Every structure is written in C-alpha cells, then in structure tokens.
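**Student:** Pasted the sequence and its predicted model underneath.
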Amino acid sequence: MQRRTLLKLGVVSTAVLVLAGGAAALLSPGLHEGRLSPAGREVFRAVGRAVLDQSLPREEASRNDALNGLLNRVDELTLALPPHAQAELSQLLSLLASAAGRRALTGLGDEWPLATEVRIQQSLQEMRLSGIVLRRQAYAALHDITAAAYFSDVSTWPQLGYPGPVRI
C-alpha cells in the first residue's frame, strides 16, 4: 500500500468511528440526566469486575451487592461532574457500549457481561499501554472513576488497611 492510500484509509476510518460514536451516543447515551444509563451501567459493572477483582467479595451475592453499590456511587460521582464532563463521559460510555466502539477502543470482542475478568483486564492493560492517547485517556477515566467510587465507601477501607480519618 502506498503512503497516501494508508493516510486516506486512516482518515476515513477515523471519520467512520466518530460518526458511529456520535450515532451511538444519540441512540444509547452513556448517561441519562447525569446518571448511568443501562448501557453505562453494563460497562462500569464489567470494568468494576476486572479492576476490583481481588478487592470484591468472593461470595456471589456479596459480590453483586458490592458491584451494585459501586454503580450507585458512580451515579453520585457523575451527578457531581460539570455538564461538559458529563457529556464527554456519556460519549465515552456510548462508544464503549457499542460493539464497534468496544472493539476499537478496548480490543474486546465479547460483550461486556459475557467477557471474563481476565479478558477485560488484558484489554484494559492494552489500553493503558497504548500508543494512542485516546485509548490511554479512556483507560484512565474508567480506572479512576471505578476505583474512586468503590474505595470511597467506608466498608471497603479495611481491605486497603486504611483505618479511616484521624479523630481528634
């Protein structure tokens, strides 16, 4: 392939991805009125399973409760974001909720609920180390929001060895 053909292919691919992401955001927003939409909840539940794997309870019912608590705290976090940040996060989640966006940004072929923790962890690691800034930024947003929302709850502090704030 010639260099010009490759450049044209890159520009066309980027335009298609942007249009697909925009269409996905209109059809299935990641946030609705500042809270996670069903699609956004699906993404964060899967990312939570992977990022917090060793921190989550082992028993299935307790694990589900912990993940539901995480999603509720992510809702609280997103409600506190300024409108422009909510819009950007909504677009990211919309893109990740779509099959094409999930594959392009994460390299993950499986749908979020069907993907194993190990496969999601591998995809997140690939994003973290990617030479593409957008993938690294998406990773940072997913990781940081997940960790902050989970470990902001007092019940998770003992797992960190954090005794809580010093009482005077």
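**Tutor:** Thanks, I have it.

**Student:** use CA for all of it now, contacts and neighbours both
**Tutor:** OK.

**Student:** Now the residue nearest to the spatial centre of the chain: which helix or strand?
**Tutor:** The centroid of the chain falls nearest to residue 142 when counting by Cα atoms, centre = their mean (3.7 Å). Element membership of residue 142 [criterion: DSSP states H and E] is helix 133-151.

**Student:** thinking again about what came up before, any idea how far the residue nearest to the centre of the chain is from residue 152?
**Tutor:** Separation of residue 142 from residue 152 (Cα to Cα, to the nearest Å) stands at 15 Å.

**Student:** re the thing from before, return the residues in contact with the residue nearest to the centre of the chain.
**Tutor:** Taking Cα atoms under 8 Å, 6 or more residues apart in numbering, we find residue 142 in contact with 44, 47.

**Student:** Apart from its neighbours in sequence, what residue is nearest residue 41?
**Tutor:** residue 71 (6.6 Å; Cα to Cα, 6 or more residues apart in numbering).

**Student:** Next, the angle helix 133-151 makes with the one helix or strand that neighbour maps to.
**Tutor:** Taking DSSP H and E as the criterion, residue 71 maps to helix 60-80. With axes from the mean of the first three to the mean of the last three Cα atoms, to 10 degrees applied, the angle from helix 60-80 to helix 133-151 works out at 110 degrees.

**Student:** who does whichever helix or strand comes after helix 60-80 touch, helix- and strand-wise?
**Tutor:** Moving toward the C-terminus from helix 60-80, the next helix or strand (DSSP H and E) is helix 83-97. For helix 83-97, the packing partners by 3 or more Cα pairs under 8 Å, 6 or more residues apart in numbering; DSSP states H and E come out as helix 3-27, strand 31-32, helix 38-51, helix 99-106.

**Student:** Give me the below-cutoff pLDDT ranges for this protein.
**Tutor:** 1-27 (pLDDT under 70).

**Student:** Check the burial of residue 105 by counting its neighbours.
**Tutor:** By other Cα atoms under 10 Å, 22 other residues sit near residue 105.

**Student:** Also residue 120?
**Tutor:** Neighbours around residue 120, by other Cα under 10 Å: 22.

**Student:** List the residues that contact it.
**Tutor:** Residue 120 touches 46-47, 50, 108, counting by Cα under 8 Å, 6+ apart.
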